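>>> Got a predicted structure here, sequence first:
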2 protein chains.
Amino acid sequence: MTSSTATPQLLALDWGTSSLRAFLLRDGQIIDTRYSPHGIQHLPEAGIAGFEAAFRQIAGDWLERWPQLPVVACGMVGSAQGWREAPYVRCPANVQALASQSVTVPSGFGPDILIAPGVLLDDPDQLPDVMRGEEIQIAGALLQNPHWAKRCCIVLPGTHSKWVQIENGRIVNFATYMTGELFAVLKKHSILGRLLPETPPASTNNEAFELGLASARDSSPGDFPHQIFATRTLGLAGRLPHGALADYLSGLLIGYELISGLAQAQEETPLILIGDPALCQRYVQSLTYLGKPNCTVLDNTAPAGLWDLATAAGLLA
Amino acid sequence: MTSSTATPQLLALDWGTSSLRAFLLRDGQIIDTRYSPHGIQHLPEAGIAGFEAAFRQIAGDWLERWPQLPVVACGMVGSAQGWREAPYVRCPANVQALASQSVTVPSGFGPDILIAPGVLLDDPDQLPDVMRGEEIQIAGALLQNPHWAKRCCIVLPGTHSKWVQIENGRIVNFATYMTGELFAVLKKHSILGRLLPETPPASTNNEAFELGLASARDSSPGDFPHQIFATRTLGLAGRLPHGALADYLSGLLIGYELISGLAQAQEETPLILIGDPALCQRYVQSLTYLGKPNCTVLDNTAPAGLWDLATAAGLLA
């Protein structure tokens, strides 16, 4: 029996801003997977019809074949700009809380879809924070590695990196870092992009990247708006080739995130990275440079998390 | 005799990226002033002809009347993208160093123009930095207030704020903060602009602004990419009205600059602000909030600085 003919138990959707991924799962394992560019900001039509069309395109034949298949989804599809809003669950939150506060939306041609909520941190003693989608990746990581549920720190690098503190299987605290978005926006829309070559070099200049890390490590409070300007002045002063200036900025931004994130995580707490392997590798390199070499890297754990959500919601009973 | 018929001794140009200001000076005092939108990125024609045309438009009749008038200029007109590049003078620098390394360009219809260089800080123990235009405002402030020349810290708030340490009449160290540009770029091009109302409120929400200042004051190293995200989450969590979110971001960014800048300035050093009066007032409010209420605010000192430059260059002998 090939994977395409095995009988699936769950259709799981990881539906973000810029893409949609669909998984057929059985016993928690992926038996088939598809990709679509129809993120919630790139739907084939406007409004609800766009969500329905995107869903039908990616999963219509699957559901014709297995019309009783339960369907779950996570990510921005549950945001205020999504198919149906699944309001945030407050921290601390575990997968049972997520399942109990999921919402249901008719798919337009068969099964309803269960959409997971995001998580809100709203402690008056600190700045508020939100996540949507990462909570499911976290559930997947803990399902696959239950020994971490007692206590760990999970880092999800990206456009809006998350540093998440886990205790007893619950998300107890977390912080977002706009690392990836700052890098993209400053390069494209600020004076810091002016000296950069139109075609970025094929490889990273490690010396420049580590100068950024060191600048972050050695920074004093408030220095950020000054230190980024060196993305320009290191070039003007001839201390870095123009092709290496973006690597300085990347190192500085990742360094800032790591310095701040590590200060929130307890010393002996296991550190787990989840995300794009190349980006995670860059984080491992940076953590090692900053004296924190021990961490574990996981690839996409969203399918396992959606399986866990469906289990907690009773869809697989 | 009205000011327009007094005989001037100097024609001074403050020529930046987005505007051109011309001053007729006599005995160091302004006797006439004009404004033009022909900053070096908004010239009436491309290339050298654009500079010549802008200069002729703003000062042609003055030079017909007083053809022997010496002409000096400062600002981006002396950059690599300017009329003629006046390469940076290295730190420490005083007005004599600026005058001796100024460059001359034919104006196209009469007098040559002396263009002031910028200043480069290139100490291997710190990140490099540059200024162009501010060094002349500093010269003007010290000319008008010679008691500060021994030691002071001059702050020029703006798109790229400068914090400049003066000792014995020389610029000995300085740091640029991209405060204004970060505010503009993050509002316009990042997710932080999403919740902001299209029409900004007429007045500042002081509670939000001071929450930004307090967040900067209480920050730990590396926190910047996290704390800016609260420009969004304070709105999502309902803790600030959407119309106040930009004030939080403004307070946070100014707070970062002040915390870092004050740490570089010595405790008892006089603190002088030069720039737009409303912006300087915002900085005074912020300094007071952070426990540093004593500072002096000066308005535009560029004309006095250009007078000082002309004197040092021997043009007024």
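Received it, and whenever you're ready, just let me know what you need.

>>> Those residues of the stretch 51-200 of chain A touching chain B, which are they?
Contacts of the stretch 51-200 of chain A with chain B, taken as Cβ under 8 Å from any Cβ of the partner chain, map to A:120, A:122, A:127-130, A:160, A:175-179, A:181-182, A:185-186, A:188-191. Where C-beta positions appear, they are placed from N, C-alpha and C, glycine not excepted.

>>> which among those residues end up buried?
Using 16 or more other Cβ atoms under 10 Å in any protein chain shown as the burial test, these include A:120, A:122, A:127-130, A:160, A:175-179, A:181-182, A:185-186, A:189-191 as buried.

>>> Show me those residues that map onto helices.
Of these, the ones assigned to helices by DSSP state H are A:179, A:181, A:182, A:185, A:186, A:189.

>>> Quick check: the farthest pair among those?
Within those, A:179 and A:189 form the most distant pair, 16.3 Å apart (Cβ to Cβ).

>>> Name the next helix or strand downstream of the helix or strand containing residue A:210, please.
Assigned by DSSP states H and E, residue A:210 belongs to helix A:206-217. Along the chain past helix A:206-217, the next helix or strand (assigned with DSSP H and E) turns out to be helix A:224-227.

>>> so what secondary structure elements neighbour that next one?
When contacts are defined as 3 or more Cβ pairs under 8 Å, 6 or more residues apart in numbering or on different chains; DSSP states H and E, helix A:224-227 sits against strand B:170-177, helix B:245-264.

>>> Give me the average confidence score over the shortest one.
On average, the pLDDT along strand B:170-177 is 98.

>>> same thing with the longest one?
Helix B:245-264 carries an average pLDDT of 97.

>>> Can you mark which positions in it are buried?
B:245-262, B:264.

>>> and the next element down the chain from it?
strand B:271-274.

>>> So what touches that next one?
B:137-138, B:141, B:145, B:148, B:152-157, B:265, B:280, B:283-284, B:287, B:292, B:294-301 (Cβ atoms under 8 Å, 6 or more residues apart in numbering or on different chains).

>>> Can you report how many residues lie near residue A:137?
By other Cβ atoms under 10 Å in any protein chain shown, the residues close to residue A:137 number 27.

>>> thinking it is in contact with residue A:305, fair?
Yes. Because the distance of 5.6 Å satisfies Cβ atoms under 8 Å, residue A:137 is recorded as touching residue A:305.

>>> Let me see the contact set for residue A:110.
Contact criterion Cβ under 8 Å, 6+ apart gives A:63, A:67 as the residues in contact with residue A:110.

>>> Check which residues of stretch A:6-24 are buried.
Taking 16+ other Cβ under 10 Å as the basis for neighbour counts, the residues of stretch A:6-24 that come out buried are A:8-17, A:20-24.

>>> Which one of those residues is nearest to chain B?
Among those, residue A:17 lies closest to chain B (Cβ to the nearest Cβ), at 10.0 Å.

>>> Phi, psi for the spatially closest residue to residue A:41 that is not a sequence neighbour please.
Distances taken as Cβ to Cβ, 6 or more residues apart in numbering or on different chains put residue A:17 closest to residue A:41, at 5.2 Å, once the chain neighbours are dropped. When quoted as degrees, to the nearest 10, the phi and psi of residue A:17 stand at phi -70, psi -40.
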